[in-house]
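Chemist: kindly return the folded structure for what I paste below:
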Amino acid sequence: RALEVISSETDFIQSELYKNSIKFSKRNSGILYYDCTNYFFEIEQEHGLKQYGYSKEHKPNPIVQMGLFMDGDGIPLAFGISKGNTNEQLTLRPLEQKILDDFKLSKFVVCTDAGLASNDNRVFNDQGQRAFITTQSVKKLKKHLKAWALSNEGWHLSCDNKLYDISVIDEEKFIDKTFFKEVWIKEDGLEQKLIVTYSIKYRDYQRKIRNSQIDRAVKVIETNPSKLKKSHQNDFKRFIEKTSVTTDGEVAEKDLYSLDLEVIANEEAYDGFYAVCTNLEDEAAEIIKVNHRRWEIEECFRIMKSEFKARPVYLTRDDRIEAHFTTCFLAMVLYRYLEKRLDSKFTCSEIVRGLRDMDFYEIPGEGYIPTYTRTDFTDALHEAFGFRTDFQIIKNNQMKKIFKDTKR
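Modeler: Got it, this is the predicted structure:
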């Protein structure tokens, strides 16, 4: 019964949570990160919010889509639920408008990934006191900008004013450095700064991942090519080329499989490069630093899906589905605050498992005997919040005092 009430008041809950959180802790609302994910249902019939769309987990089930805003300190700010077949680029502006209206925020920078980087969204955040930082695919740049971005010359480091040629640098010396170049561009009436970075460590990481995929491709070709099907964008099968020939070299039904060296070479050309676009005039190093924190919103989604078991969703009505994700959102906010209160010393699984294991045996009229094992986590929890429950017995009046203190 409560789900219906929660659903009808979800916007109010989110805005009040933000107002109350300011009393508890200062919010870094100058930087807002936005991303989307989706959650699947163990059903096959589409209805309401549950629609077939692109599943990020490649599940053949109807999904709903969640858009999430996170502040600059990693604390979730607001969320919205939309149909599973909605283009995720269209989800940003409605939720951001709620923040403008309900949260009374007007000055902030929105940071998104390339999938949400439509020109309309950039223009929307090029108004008033708002700004944007968004990932830009180097592969999708116009020809002249791509040539400039991939050129070996004209690179900078934030620590000096020299110009570097990345084809002749000492890789051991600069293994931990990030080179960058920047240029202002104007397209479709929008003026923005394109910042391209190059990192030897990022290049090596990309090559390691690709080499692993190539090994898998070779193994499939040699052992069981019949398993090969159409691949998606990041599938190792994209490196496999199929040729249908006869012994005379004519087109026939027989299929030959081999590594597509041209595809591999084309991908290698982009190793180590990364780009963002922004309408801010700040230093490139600061823009890059802000953009690097996008991993935290991805982690929020991962925690909700795994530790909080937000999926699959076992609800049918749209209002109850929205209420389900409201409770997940509230849990995520509380978890992030707890994580920071514990100085980020523990993993999510350690915190969640530690809380779930803190059971007690009640002795009527006497008190409570802890049945959990004392650990570094329980010690840190008690120290951070100023109470202890790991005594031989906790009297009723002591436990009541702990409950009373939590309501302050």
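
Chemist: after the helix or strand harbouring E262, next one along is what?
Modeler: According to DSSP states H and E, E262 maps onto helix 261-268. Note on helix 261-268: by DSSP H and E, the next helix or strand toward the C-terminus is strand 273-278.

Chemist: who are the contact partners of L116?
Modeler: Y34, D35, C36, E88, Q89, L92, T134 (CB atoms under 8 Å, 6 or more residues apart in numbering). Any C-beta I mention is one placed from the backbone N, CA and C, and that applies to glycine too.

Chemist: ignore what I typed, I meant A284.
Modeler: H156, S158, F180, E182, I195.

Chemist: got the phi/psi numbers for it?
Modeler: Taking degrees, to the nearest 10, you get phi -60, psi -40 for the backbone angles of A284.

Chemist: middle-most residue in this structure, spatially?
Modeler: E298 (2.0 Å; CA atoms, centre = their mean).

Chemist: all helices of the protein, in order?
Modeler: Using DSSP state H, the helices of the chain run over 2-8, 10-24, 92-102, 119-124, 143-150, 200-223, 261-268, 284-291, 295-305, 318-341, 348-356, 376-385, 396-406.

Chemist: of the ones you listed, which is nearest L190?
Modeler: Smallest distance to L190 across these (CB to CB): 5.7 Å, for helix 119-124.

Chemist: any idea of the mean pLDDT for that closest one?
Modeler: The average pLDDT within helix 119-124 is 93.

Chemist: again, but for stretch 100-110
Modeler: 92.

Chemist: quick one: terminal-to-terminal distance for it?
Modeler: 12 Å (CA to CA, to the nearest Å).

Chemist: can you list contacts of it?
Modeler: Residues from elsewhere that reach stretch 100-110 (CB under 8 Å, 6+ apart): 11, 14-15, 18, 29-34, 77-78, 92, 96, 99, 125, 128-133, 280, 290.

Chemist: if we can go back for a sec, how close does the residue nearest to the centre of the chain get to D101?
Modeler: 27 Å (CB to CB, to the nearest Å).

Chemist: run a quick neighbour tally on F273.
Modeler: 20 (other CB atoms under 10 Å).

Chemist: rewinding a little: give the contact list for the residue nearest to the centre of the chain.
Modeler: Applying CB under 8 Å, 6+ apart, the residues near E298 are D35.

Chemist: low-confidence stretches in this protein?
Modeler: 226-233, 245-254 (pLDDT under 70).

Chemist: if we use 80, what do you get?
Modeler: By pLDDT under 80, the weakly predicted segments of the chain are 58, 224-235, 242-256, 407-408.

Chemist: domain-wise, how is it divided?
Modeler: Domains of the chain are assigned by the TED database as 1-126+279-342, 202-269, 359-406.

Chemist: tell me the most buried of these?
Modeler: domain 1-126+279-342 (a mean of 17; mean count of other CB atoms under 10 Å).

Chemist: next one: that one to chain centre, how far?
Modeler: 10 Å (CA atoms, centre = their mean, to the nearest Å).

Chemist: could you flag which of the contacts of A284 are buried?
Modeler: H156, F180, E182, I195 (16 or more other CB atoms under 10 Å).

Chemist: need the contact list for the nearest residue to L259 once chain neighbours are set aside.
Modeler: Counting by CB to CB, 6 or more residues apart in numbering, L259 lies nearest to F239, which is 5.8 Å off, once chain neighbours are set aside. When contacts are counted by CB under 8 Å, 6+ apart, F239 touches Q213, I214, A217, L259, D260, V263, I264.

Chemist: could you point out which of these is nearest to R388?
Modeler: Q213 (51.4 Å).

Chemist: can you tell me, leaving aside adjacent residues, what's nearest to the closest one?
Modeler: Closest to Q213 by CB to CB, 6+ apart is F236, at 3.7 Å.

Chemist: so how far is L315 from the one you found?
Modeler: Applying CB to CB to F236 and L315 gives a distance of 36 Å.

Chemist: same thing with D35?
Modeler: 23 Å.

Chemist: just the contacts of F239 now: which is nearest R408?
Modeler: Q213 (54.1 Å).

Chemist: just confirm that closest one contacts V220, I think it does.
Modeler: No - using CB atoms under 8 Å, Q213 and V220 do not qualify as a contacting pair, with a distance of 10.7 Å.

Chemist: which residues are common contacts for those two?
Modeler: F236.

Chemist: ok so, going back, which ones among the contacts of L116 are found in strands?
Modeler: Judged by DSSP state E, strands contain the following of the contacts of L116: Y34, D35, C36, T134.

Chemist: tabulate the residues you listed (a markdown table), appending distance to G272.
Modeler: Listed next are the ones in strands among the contacts of L116 as a markdown table, based on distance: CB to CB, whole Å:
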| residue | distance to G272 |
| --- | --- |
| Y34 | 26 |
| D35 | 24 |
| C36 | 27 |
| T134 | 20 |
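
Chemist: max pairwise distance over those: which two?
Modeler: It's C36 and T134 that sit farthest apart of the ones in strands among the contacts of L116, by CB to CB, at 13.6 Å.

Chemist: returning to what we had before: distance of the residue nearest to the centre of the chain from K305?
Modeler: 11 Å.

Chemist: check contacts around G80.
Modeler: G80 touches M66, G67, T91, P94, L95, K98, counting by CB under 8 Å, 6+ apart.
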